[in-house]
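*Asks:* The following comprises the amino acid sequence and a computationally predicted model.
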Amino acid sequence: MQATADQTKKESSWSSWKGQAIDLLYWRNVKQSGAVFSSVLLLLFSLTQFSVVSVGAYLALAALSATISFRIYKSVLQAVQKTDEGHPFKAYLEMEIALSQDQISKYADKILLYSNTCMKELRRLFLVQDLIDSLKFAVLMWLLTYVGALFNGLTLLILVVVSMFTMPVVYEKHQAQIDQYVGLIRTQVNSVVGKIQAKIPGTKRKEE
């Protein structure tokens, strides 16, 4: 019974985090999404101009300046008003932030599962278990060489963040049109792949 209750609690917690992420990307709360989006972009643009060490140090100094100033302000205020409210950050200092053994095991299991899946897929592609899939992968890598020549990793990360906060909203508003065009593209791609499979011996997949 206890194990079932713990599993239910974990699933509920995961669903809650997933729901919050979806709400964030779909701008359900404009102020919250705007704050996260602008903060992440500011951090990434800072990394384009300064080193990771410098950005980390500046962020730490900014946070320390805010917390020290607030602590001094509250101390002075308590001294003037002759009150004893205690430490202004007492609630946060007493908050449990350590990861439990169950949480560590859960995340480790997920990382292990994704790693094994990734290695099996890469083995399948590089050892040409399916010629068409390997050709698709080769074309993707070839295209990425051009992408890498145009953008560095940090620029691509900025584009990914911008896409994450814009594409879901665009898709939600224009879902019918986007699905129609995606369907046409998929039909054309499947048609080309089918022709290639018909012309190259041994590329036609066995039917289930």
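*Replies:* Here it is on my side, so go on.
*Asks:* Torsion angles phi and psi at the closest residue to residue 125 other than its chain neighbours?
*Replies:* Counting by CB to CB, 6 or more residues apart in numbering, residue 125 lies nearest to residue 137, which is 4.7 Å off, once chain neighbours are set aside. All C-beta atoms are positioned from the backbone trio N, CA, C, and that covers glycine. With angles defined as degrees, to the nearest 10, residue 137 sits at phi -60, psi -40.
*Asks:* Distance of residue 137 relative to residue 124?
*Replies:* Computed as CB to CB, to the nearest Å, the residue 137 to residue 124 distance reads 10 Å.
*Asks:* what about the two, which has more around it?
*Replies:* Per other CB atoms under 10 Å, whichever of residue 137 and residue 124 has more neighbours is residue 137, with 17 against 14.
*Asks:* who does the lengthiest helix in the chain touch, helix- and strand-wise?
*Replies:* Ordering each helix of the chain by length in residues (DSSP state H) puts helix 52-81 first. Where contact means 3 or more CB pairs under 8 Å, 6 or more residues apart in numbering; DSSP states H and E, helix 52-81 is packed against helix 30-49.
*Asks:* List the contacts of stretch 42-60.
*Replies:* Outside stretch 42-60, the residues that touch it by CB atoms under 8 Å, 6 or more residues apart in numbering are 154-155, 157-158, 161.
*Asks:* now do 10 Å
*Replies:* 152, 154-155, 157-158, 160-162 (CB atoms under 10 Å, 6 or more residues apart in numbering).
*Asks:* so where is this structure shaky, pLDDT-wise?
*Replies:* Residues of the chain meeting the criterion pLDDT under 70: 1-16, 201-208.
*Asks:* Do I have it right that residue 83 meets residue 76?
*Replies:* No - applying CB atoms under 10 Å, one finds residue 83 not in contact with residue 76, separated by 11.7 Å.
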